[in-house]
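1. Need a 3D model of the following:
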Amino acid sequence: MVTQRRRLRNQRRVGEAITIASGIGVTVLGAFLGVNFVSYAGLCIAGLGVVSIFWR
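-> Alright, predicted model coming up:
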């Protein structure tokens, strides 16, 4: 049986992966549309996901 601590850890990892993936998606969308500040925002979102991995 999965303990609550392990379940929370798994949820955190899933959240970090979703944050990184959505940041990359926003970056690609901004580059496709030619809107630079949207691409930079996507890089920031992905960066937050990477930082949250190492913050623990």
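2. Give me the buried positions along whichever helix or strand residue 27 is part of.
-> Under the criterion of DSSP states H and E, residue 27 resides in helix 4-33. Going by neighbour count (16 or more other C-beta atoms under 10 Å), the buried part of helix 4-33 is 16, 19, 20, 23, 26, 27, 30. From N, CA and C alone the C-beta is placed, and that goes for glycine too.
3. And residue 14, how far from residue 42?
-> Separation of residue 14 from residue 42 (C-beta to C-beta, to the nearest Å): 20 Å.
4. that older thread, using TSV, lay out the buried residues of helix 4-33 together with distance to residue 4.
-> Listed next are these as TSV, based on distance: C-beta to C-beta, whole Å:
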residue	distance to residue 4
16	19
19	22
20	25
23	29
26	32
27	35
30	38
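5. possible to save these as JSON lines with pLDDT and distance to residue 46?
-> Putting these into JSON lines (pLDDT from 0 to 100; distance: C-beta to C-beta, whole Å) gives the following:
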{"residue": "16", "pLDDT": "94", "distance to residue 46": "10"}
{"residue": "19", "pLDDT": "95", "distance to residue 46": "7"}
{"residue": "20", "pLDDT": "96", "distance to residue 46": "5"}
{"residue": "23", "pLDDT": "96", "distance to residue 46": "3"}
{"residue": "26", "pLDDT": "96", "distance to residue 46": "8"}
{"residue": "27", "pLDDT": "97", "distance to residue 46": "7"}
{"residue": "30", "pLDDT": "96", "distance to residue 46": "12"}
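6. just those residues now: which is nearest residue 52?
-> Nearest to residue 52 among the buried residues of helix 4-33 is residue 16, at 5.3 Å by C-beta to C-beta.
7. mind showing which ranges of the protein have poor pLDDT?
-> Residue ranges of the chain with pLDDT under 70: 1-2.
8. For residue 13, give me its contacts.
-> Residue 13 makes no contacts at all, as judged by C-beta atoms under 8 Å, 6 or more residues apart in numbering.
9. now with 10 Å?
-> Counting by C-beta atoms under 10 Å, 6 or more residues apart in numbering, residue 13 touches 52, 53.
10. Tell me which residues touch residue 15, please.
-> Shown in contact with residue 15 (C-beta under 10 Å, 6+ apart): 49, 52.
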